[in-house]
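> Structure, please.
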Amino acid sequence: MTDGRCPVPHDDPVAHDGPLPHDGPAPHRLDPDDQHAVNDRLRARGAAVPVLLPGDVPAYAVTRHEELKGFLTHPDVAKNACHFAALRNGELPPGWPMLTFATVRGMTTADGDDHKRLRSLVTRAFTPRRMEALRPVVHELTGTLLDRLGEAAAADPDGVADLRRHFAMPLPMSVISQLLGVDAAYQDRLHELSNEIVSTGTAPERVPEANREMVAILGQVAAARMKDPGDDLTSALIAARAEDGDRLSEEELIGTLMLTIIAGHETTLNLITNAVRALCNHRDQLELVRSSAATWDDVVEETLRYDSPVSYFPFRYPTRDLPVGDAVIPKGAPVLVSYTSAGRDERAYGPNADRFVVTRAARHLSFGHGAHFCLGAPLARMEAVIALEALFTRFPGLDLAVPDDQLVPHRSFVGNSPQKLPITLG
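The predicted structure is shown next:
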């Protein structure tokens, strides 16, 4: 069982932890290109398969729906990086680009009582009352951004605009910034830094620089909210810390803000982008929504399954050698959970799992499962539904401006979306 603490102190030798020899094909080297084709091959190899992370760090990926569901709630699986054998043994390469995912202090790297404590503090930002209070804000922002999208297309000689830049990114970034009390002046830079941190292709020397700059900006945000508290999550977290200094350290405060900024806009940005891409490539499914045979909620849920905004999410660590399917994942090995792969698992969704079908009504795991289920799921769903309905109502002839196979994937196997989505408004 994991209780938030590591059973072995950091300075103890860990001679038997870490990846063990395995039979079968060589580990797959993860990269962001053609993720779905890669996922098909990995699922065929097994429910848990060896992979190589940047820097040739050995890891495992869990690829199938049922096994992933069980893995996400297994009592012998931890999130605290003190269980990460290669990290504890000093075996990671200098400037490793994925170190932040493992070491940032916050809910995604906490177990047991630590996780409950941090989650209970952040939960206050995602209450049903607060979500409903944001609904008119999302509607107003959406209208403003649609105007700007139209202006961007009108200013281009070919009538082309990047949907990500002008619509899908600023909407969730503005909303999460309001939730956190982040000034608008910081938003663009925080998005750029978030991209660098999430990208698994960032140059090693740039990773610590991006982290330091984001920590510095969020430190300024915290200082501003400390001086002038408001009705926002940052002020609430600072108040909780002031009431009981042991409840939330300064490092946990900044780590929680970083995780909320990144997860709070990157996933919704990818969700909106991927939904528009899918609808443009499946006009028959769009017509089902327009004829009321399906709803925009159906579009969002099917997009989450068919083309999850998060692909390989790091990290979890077995606290013992753990059987998953036909494989045994060694104690202390870093494990990625593959939401994009599980979403197209034919064992869970049938032979047409690789088709976008808005009437499918199948459950998915794209917001996680169990104790670490995404707190922001209701907000992401609300934003995406409002955005998509307004977008296709305002611009019913919207379509891709380039063939789908010319879209370039984001430089990360963590996030799943094209770097740009050029569209025409019809």
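
> mind checking the SS state of the residue lying farthest from the centre of the chain?
Distance from the C-alpha centroid of the chain, by CA atoms, centre = their mean, peaks at Pro157 (34.8 Å). Assigned by DSSP: H, G, I helix; E, B strand; the rest coil, the conformation of Pro157 is coil.

> All the helices of the stretch 201-350 of the chain, residue numbers only.
With DSSP state H, counting those that start in this stretch as the definition, the stretch 201-350 of the chain shows helices at residue ranges 206-227, 233-243, 250-281, 283-290, 296-306, 339-343, 346-349.

> got a list of contacts for the helix or strand following the last one?
What it means is helix 346-349. Once the chain leaves helix 346-349, the next helix or strand it forms, by DSSP states H and E, is helix 377-394. When contacts are taken as CB atoms under 8 Å, 6 or more residues apart in numbering, the neighbours of helix 377-394 outside the stretch itself are 126, 128, 131, 134-135, 138-139, 142-143, 146, 150, 167-168, 171-172, 175, 179, 264, 267-268, 271-272, 275-276, 279, 286, 289-290, 296-297, 299-300, 303, 367, 374, 398. For glycine as for every other residue, the C-beta is placed from the backbone atoms N, C-alpha and C.

> how much does helix 377-394 deviate in direction from helix 296-306?
An angle of 120 degrees separates the directions of helix 377-394 and helix 296-306 when computed by axes from the mean of the first three to the mean of the last three CA atoms, to 10 degrees.

> tell me the mean pLDDT for helix 377-394?
Per-residue confidence for helix 377-394 averages out to 97 on the pLDDT scale.

> Report the angle between it and helix 283-290.
Computed by the same axes, to 10 degrees, the angle between helix 377-394 and helix 283-290 is 100 degrees.

> C-terminal to helix 377-394, what's the next element?
From helix 377-394 onward toward the C-terminus, using DSSP H and E, the following helix or strand is strand 399-400.

> List the neighbouring strands of the next helix or strand after that next one plus their orientation.
Note on strand 399-400: by DSSP H and E, the next helix or strand toward the C-terminus is strand 422-424. According to DSSP bridges, strand 422-424 has the following sheet partners: strand 160-162 (antiparallel), strand 399-400 (antiparallel).

> Most tightly packed of the helices of the stretch 201-350 of the chain?
helix 339-343 (a mean of 26; mean count of other CB atoms under 10 Å).

> Adding distance to Ala78 and mean pLDDT, write the helices of the stretch 201-350 of the chain out as CSV.
Supplementary listing: those in CSV, determined by distance: least, CB to CB, whole Å; pLDDT from 0 to 100:
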stretch, distance to Ala78, mean pLDDT
helix 206-227, 23, 88
helix 233-243, 24, 77
helix 250-281, 17, 91
helix 283-290, 40, 98
helix 296-306, 26, 98
helix 339-343, 20, 97
helix 346-349, 26, 97
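
> Please name whichever of those helices is nearest to Val38.
Proximity of the helices of the stretch 201-350 of the chain to Val38 was assessed by CB to CB; the nearest stretch is helix 339-343, lying at 8.4 Å.

> Which pLDDT value goes with the residue farthest from the centre of the chain?
Per-residue pLDDT puts Pro157 at 97.

> And Gly95, by the same measure?
Listed pLDDT for Gly95 reads 82.

> quick one: the nearest residue to Pro170 once chain neighbours are set aside from Pro418, how far?
Distances taken as CB to CB, 6 or more residues apart in numbering place Leu145 nearest to Pro170, at 5.8 Å, with adjacent residues excluded. Distance of Leu145 to Pro418, given as CB to CB, to the nearest Å: 19 Å.

> now Val328
Applying CB to CB, the value for Val328 to Pro418 is 36 Å.

> again with Cys280
The gap separating Cys280 from Pro418 is 12 Å, by CB to CB.

> pLDDT below threshold where in the protein?
In the predicted model of the chain, residues 1-25, 201, 241-247 satisfy pLDDT under 70.

> and the spatially closest residue to Glu301 that is not a sequence neighbour, what does it touch?
If the residues on either side of it in the chain are set aside, Glu301 comes closest to His364, at 7.0 Å by CB to CB, 6+ apart. Contacts were defined as CB under 8 Å, 6+ apart; by that measure His364 touches Glu301, Leu304, Arg305, Ser308, Tyr339, Ala342, Gly343.
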